[in-house]
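*Asks:* one predicted model, sequence on top.
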Amino acid sequence: MQQSTARHHVPCVLELGGKSPQIVFDDADLAKAAPIIVRALVQNAGQTCSAGSRLLVQEGIYDRFVATIAASFEALKVGAPEMDLDCGPLINARHHQRVNAFIADAVAMGVPKLAEGSLAPGISGEGFFVKPVLFGPVPRNHRLACQEVFGPVLSVMPFKDEDDAVQLANATEYGLVAGIWTENGSRQARMAQRIASGQVFINCYGAGGGVELPFGGVKKSGYGREKGLLALEEMSTTKTIVQHYE
């Protein structure tokens, strides 16, 4: 698309996906955060550009909070769209193979599989279904830590402090969305400024589905903005008219 529009001197907006982090500090409201974090990953079976596919948890609460997330994953059910469960199928056979390759590679390299969902009764598994899976701790140099899976795979990593969280959150080629979970107002402001991301949500996630909030990323997540008044500027051209009066 970019090459085509460039040849014709036509501007374009590119939204190219992400590897969005959910950053959970030890003072966060964990009961509130847990279900939102799970939904942000399994929505549309993980086939969402803004999916919160990385969970970064401060060391002091890591074991406790990850256990809560793992219990939620074990309860997830996968089935046909008309069953209206937690996850439906992936889009096609090629993508199904790609997501399963990520999972198989992680297992082969010894990345701990902490939990996974299950197929609903009556689902044979012959379709393009992938059970939601939770891996952690994921090594920081593993591809699950930096590459977009675009499926129901959540990578968990611990962090020490704010500086470590920022370094880890920004350690991908993407910068679409980020979630920050903390009750500390000063930390909220600091982290929102330091995270390289087109959208930052504080103690929430995913409100960007509305037309009122500009949506887009930085780095390899693309450029330009959809939605909001900024989107009108992307799709229009300013014309300057100067008239002399005497």
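*Replies:* Nice, thanks for sending it over.

*Asks:* check which helix or strand Gln193 maps to.
*Replies:* Following DSSP states H and E, the helix or strand that holds Gln193 is helix 185-194.

*Asks:* which residues sit against that helix?
*Replies:* 23, 25, 162, 165-166, 170, 180, 182, 200, 202-203 (C-beta atoms under 8 Å, 6 or more residues apart in numbering). Backbone N, C-alpha and C define where each C-beta goes, glycine included.

*Asks:* do stretch 205-224 as well
*Replies:* 11-18, 22, 36-37, 39-40, 43, 50, 52, 172-177, 179, 196-199, 201, 225-231, 234.

*Asks:* please repeat the previous calculation with a cut-off of 6 Å.
*Replies:* 13-16, 18, 36, 40, 173-176, 179, 196, 198-199, 225-228, 230, 234 (C-beta atoms under 6 Å, 6 or more residues apart in numbering).

*Asks:* before we move on, the earlier item: and whichever helix or strand comes after the helix holding Gln193, what does it pack onto?
*Replies:* Next along the chain after helix 185-194, taking DSSP H and E as the criterion, comes strand 199-202. If you count contacts as 3 or more C-beta pairs under 6 Å, 6 or more residues apart in numbering; DSSP states H and E, strand 199-202 packs onto strand 177-181.

*Asks:* now do 7 Å
*Replies:* If you count contacts as 3 or more C-beta pairs under 7 Å, 6 or more residues apart in numbering; DSSP states H and E, strand 199-202 packs onto strand 177-181, helix 185-194.

*Asks:* before we move on, the earlier item: are any of the contacts of stretch 205-224 buried, and which?
*Replies:* 13, 15-16, 18, 36, 40, 174-176, 179, 196, 198-199, 225-228 (16 or more other C-beta atoms under 10 Å).
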